[in-house]
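Peer 1: Curious how this folds, go ahead:
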Amino acid sequence: MKDEQTGLMEEEILKEEEKFATPMQPDNKEDKIKSKRAPIRLYDLAKKAALSIKRPKIITLFLLFAIILAIYTALALLASKRQPEEITQTTIETSSPSPEVVTDPALIKIANDIDNFKLELDKQEGFSSDLFPPILDLEISFK
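Peer 2: Numbers count the residues shown, from 1 in each chain. Got it, this is the predicted structure:
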């Protein structure tokens with residue numbers, strides 16, 4: 001009994017596989033042309049042409065050129081898809097702080113002393129030109 005059931009199951013499986021295994025035959029010439037798989041044929045032709053060349057340097061140069069061209073095309077397509085962004089410049093209004101009025105008399109005196117010192121330094125700019133150059137003893141000996 002079990003052998004009969006397994007035989008029937010195997011037959012059913014084989015029938016289903018045959019249904020899917022038989023390719024559909026195109027009816028028209030147009031359908032035949034479409035089913036030829038042109039990209040695969042181009043790949044095979046390019047492969048045969050590349051293998052027929054005996055110099056590996058030429059193949060390498062051709063491949064490098066093709067890769068660079070493909071990368072350039074991809075980047076150009078990516079750049080063309082990007083929409084220009086509208087740049088809106090936002091201005092931030094900042095108010096400058098007003099200086100605080102110093103009312104402490106000690107701080108006012110220090111500020112006046114600093115201003116007086118700066119004035120005296122400005123008056124003495126020619127002071128260094130009036131001095132004699134330093135005298136150096138360049139004869140150094142290590143004993």
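
Peer 1: quick one: average pLDDT of the helix ranked longest in the chain?
Peer 2: When the chain is parsed with DSSP state H, its longest helix is helix 56-81. Taken as a whole, helix 56-81 has a mean pLDDT of 88.

Peer 1: Output the contacting helices and strands for the helix or strand following it.
Peer 2: Sequence order places helix 105-123 as the next helix or strand after helix 56-81, per DSSP states H and E. Applying 3 or more C-beta pairs under 8 Å, 6 or more residues apart in numbering; DSSP states H and E, we find helix 105-123 packed against no helix or strand. From N, CA and C alone the C-beta is placed, and that goes for glycine too.

Peer 1: buried set for the next helix or strand after helix 105-123?
Peer 2: Going down the chain from helix 105-123, the next helix or strand is helix 127-130, by DSSP H and E. Applying a neighbour-count criterion of 16 or more other C-beta atoms under 10 Å, helix 127-130 contains no buried positions.

Peer 1: Give me the packing partners of helix 127-130, helices and strands only.
Peer 2: With contacts defined as 3+ C-beta pairs under 8 Å, 6+ apart, helix 127-130 has no packing partner among the helices and strands.

Peer 1: Lowest-scoring secondary structure element of the chain by mean pLDDT?
Peer 2: The weakest-scoring helix or strand in the chain, judged by mean pLDDT, DSSP states H and E, is helix 29-34 (a mean of 56).

Peer 1: angle of the helix or strand just after it against helix 56-81?
Peer 2: Sequence order places helix 38-52 as the next helix or strand after helix 29-34, per DSSP H and E. Counting by axes from the mean of the first three to the mean of the last three C-alpha atoms, to 10 degrees, helix 38-52 lies at 150 degrees to helix 56-81.

Peer 1: Just the CA trace of helix 38-52, in PDB.
Peer 2: As requested, C-alpha coordinates have been extracted for helix 38-52 and formatted as PDB (Å, rounded to 0.1, in the frame of the first residue of the first chain):
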ATOM      1  CA  ALA A  38      20.600  41.000 -26.100                       C
ATOM      2  CA  PRO A  39      22.600  42.100 -23.000                       C
ATOM      3  CA  ILE A  40      23.900  38.600 -22.400                       C
ATOM      4  CA  ARG A  41      25.000  38.300 -26.000                       C
ATOM      5  CA  LEU A  42      26.800  41.600 -25.700                       C
ATOM      6  CA  TYR A  43      28.500  40.400 -22.600                       C
ATOM      7  CA  ASP A  44      29.600  37.200 -24.400                       C
ATOM      8  CA  LEU A  45      30.900  39.200 -27.300                       C
ATOM      9  CA  ALA A  46      32.900  41.600 -25.100                       C
ATOM     10  CA  LYS A  47      34.300  38.600 -23.100                       C
ATOM     11  CA  LYS A  48      35.400  36.900 -26.400                       C
ATOM     12  CA  ALA A  49      37.000  40.100 -27.600                       C
ATOM     13  CA  ALA A  50      38.800  40.700 -24.300                       C
ATOM     14  CA  LEU A  51      40.200  37.100 -24.200                       C
ATOM     15  CA  SER A  52      41.300  37.400 -27.800                       C
END
